[in-house]
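Q: using only what follows, build the 3D model:
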Amino acid sequence: MPKLIDHIERRREFTEAAIRVIGRRGIDNTRLADVARAVGATTGALTHYFEGKDALLLAAFDHIAQQILQELLSDDGTEDLVARAALALPLDEEGVVQWRVWLCFLSRAVADPTLADINNRYYDEFREKAARILRREQTEGRLAPDIDCDVTAEAVIAVVDGLGVHAAMQPDIWTAERLQNQLEAMLRPLLPAP
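A: Numbering: from 1, shown residues only. Just a heads-up that it's a prediction; the model follows:
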């Protein structure tokens, strides 16, 4: 009897393996065979789900972006905006790997209009979600009413991006504690209470 395969789960396994491999080796040093080997599969099995390395990178990027959006939108009781922003930072080894994949994607997006468009759409969504959270904070009386939520959302994203890049490149120096302290120092003045 043939083995039943959950194709959605199998694609997710390849995507998560790609994140790990690309995060360790970079996109240029990653081969499809490396990713297939990481899940105990053949390259042929991998190419059944992904046309090539760029398609795999795009899936890895999308997986990471969806996780970030899910964390931003989660109703986990985190009302403090600085704590919520910290959810997007690479505070552990897995986060560092994800940020490195993100940087690999960005380096490709610089010269590829299709990837750049995808990146821009994600950032538009991040800004929209962050501004929505800020507006809710204003409505609920936790954020000063004179704050421009759209401009502040951009600033929050810029701070997180900057810290994330540093931590992805120097994880030994940019520890979770240092990242959180720096995030606090940079964001708290932007988010005054009423």
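
Q: ok, residue 33 to residue 45 distance?
A: Applying CB to CB, to the nearest Å, the value for residue 33 to residue 45 is 11 Å. The way it works is simple: take the backbone N, C-alpha and C, and place the C-beta from them, glycine included.

Q: same question, residue 11
A: Taken as CB to CB, the span from residue 11 to residue 45 is 11 Å.

Q: intersection of neighbour lists for the two?
A: Counting by CB atoms under 8 Å, 6 or more residues apart in numbering, residue 11 and residue 45 have no shared contacts at all.

Q: buried stuff in stretch 104-115?
A: 104, 105, 108, 109, 115 (16 or more other CB atoms under 10 Å).

Q: end-to-end on it?
A: 11 Å (CA to CA, to the nearest Å).

Q: who's in contact with that stretch?
A: Counting by CB under 8 Å, 6+ apart, residues outside stretch 104-115 touching it are 22, 26, 27, 54, 57, 58, 60, 61, 116, 118, 119.

Q: grab the nearest non-local neighbour of the second one.
A: In space, residue 26 comes closest to residue 104 once its chain neighbours are excluded; the distance is 6.1 Å by CB to CB, 6 or more residues apart in numbering.

Q: beyond the longest helix seen in the chain, next helix or strand please.
A: When the chain is parsed with DSSP state H, its longest helix is helix 113-139. Tracing the chain past helix 113-139, the next element assigned as helix or strand by DSSP states H and E is helix 149-169.
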